[in-house]
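Chemist: sequence and predicted structure, then a few things I'm wondering about:
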Amino acid sequence: MQTWKRFEYRVRDLLTSLGYTAHRVPLSGSARLLKGDVVAEKDGLRLRIEVKSTRSRDGITLSREAIEKIAWMHEGELGVLVFSPYRCRMVYGITGYAALPWAHELRCRGRSYLRLSREYLREHAGAGVRVRFRGDTRTYLLLELPKLLAELEAKQRDGTSAGSPASPGRAP
C-alpha cells in the first residue's frame, strides 16, 4: 500500500479515536469536484480533510495552493489540511478558521510554499501558529491536530460556530 494511503487511514483512525465518525473518500485524488481525502463529523461539526504526506526526513513543504484549496468552508463543512513529517508520530492540521488562539506568528517569505522543519513543528505547533503568506491578508492556523479539533469543538459548543461564513481565512 502506498504511503499516502496509509496516512489517510491513519488520520481516519485518529479521528475515530477522538470520537468522530470518519471515513476515507475513495478516489478523492482523481475526483475534480470532490475535495478532501477524509470526511469526519462530531456533534454537528463537519470536516473535509485533505491529507498530505512526505518522504522527506527533514520536514515538509506545503504549497500555498494546497492550503488555499482546502481552507474553505462549503455547505457547513470546515476544510482542514492534515500532514505529518515522514515517520513522525504527531499529526498537524492547518485551517482557514484563524479566529482560534495562537501563540506564534509565521510570515512566509515566499509567496508559493510553506516549508516546515521537524524542529519548528515540535517547538511551535503545540501552542498554535498563525501563518501568513507575503502579500496576502488571509491567515491560517497551524496546530497539532488533536488540539486543533478541541478548539474547533469548543467554538462549536460556544455558539460561535465554525460554520460562520465570515470567519475562515481572516485575521482575528
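Modeler: Ah, there it is.
Chemist: can you list contacts of the host helix or strand of Gly93?
Modeler: Per DSSP states H and E: Gly93 is located in strand 92-95. Applying Cβ atoms under 8 Å, 6 or more residues apart in numbering, the contact partners of strand 92-95 are 49, 62, 67, 71, 78-84, 121, 125, 131, 140-145, 148-149, 152, 168. Just so you know, the C-beta spots here come from the backbone N, C-alpha and C atoms, and that holds for glycine as well.
Chemist: so Glu41 sits in a helix?
Modeler: No - looking at Glu41 with DSSP: H, G, I helix; E, B strand; the rest coil, it is strand, so not inside a helix.
Chemist: distance between the strand holding Gly93 and the chain's centre?
Modeler: Its chain's C-alpha centre and that of strand 92-95 lie 2 Å apart, by Cα atoms, centre = their mean, to the nearest Å.
Chemist: who does it pair up with?
Modeler: Under the criterion DSSP bridges, strand 92-95 sits next to strand 77-84 (antiparallel), strand 139-144 (antiparallel) in its sheet.
Chemist: tabulate the CA atom coordinates of it in CSV.
Modeler: This file holds the C-alpha atoms of strand 92-95, laid out as CSV (Å, rounded to 0.1, in the frame of the first residue of the first chain):
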residue,chain,number,x,y,z
TYR,A,92,-0.7,18.5,12.4
GLY,A,93,-3.6,20.5,10.9
ILE,A,94,-4.0,23.8,9.1
THR,A,95,-7.3,25.5,8.8
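Chemist: I'd like the next helix or strand past that strand.
Modeler: Downstream of strand 92-95, the first helix or strand assigned by DSSP H and E is strand 104-108.
Chemist: now do the strands in this structure.
Modeler: 21-24, 38-42, 45-53, 59-63, 73-74, 77-84, 92-95, 104-108, 113-117, 129-133, 139-144 (DSSP state E).
Chemist: looking at these, which is closest to Asp13?
Modeler: Asp13 lies closest to strand 21-24 among the strands of the chain, at 8.2 Å (Cβ to Cβ).
Chemist: neighbouring contacts of that closest one?
Modeler: Residues external to strand 21-24 that are found in contact with it (Cβ under 8 Å, 6+ apart): Glu8, Tyr9, Val11, Arg12, Leu15, Thr16, Asp37, Val38, Val39, Ala40, Glu41, Lys42.
Chemist: just the buried residues of it, please?
Modeler: Using 16 or more other Cβ atoms under 10 Å as the test for burial, strand 21-24 gives Ala22, Arg24.
Chemist: need the residues that contact the biggest helix by length in the chain.
Modeler: Counting residues, the longest helix found in the chain (DSSP state H) is helix 3-17. Residues outside helix 3-17 that contact it (Cβ under 8 Å, 6+ apart): 22-24, 37-38, 40, 47, 49, 51, 53, 55, 82, 84, 91, 145-146, 149.
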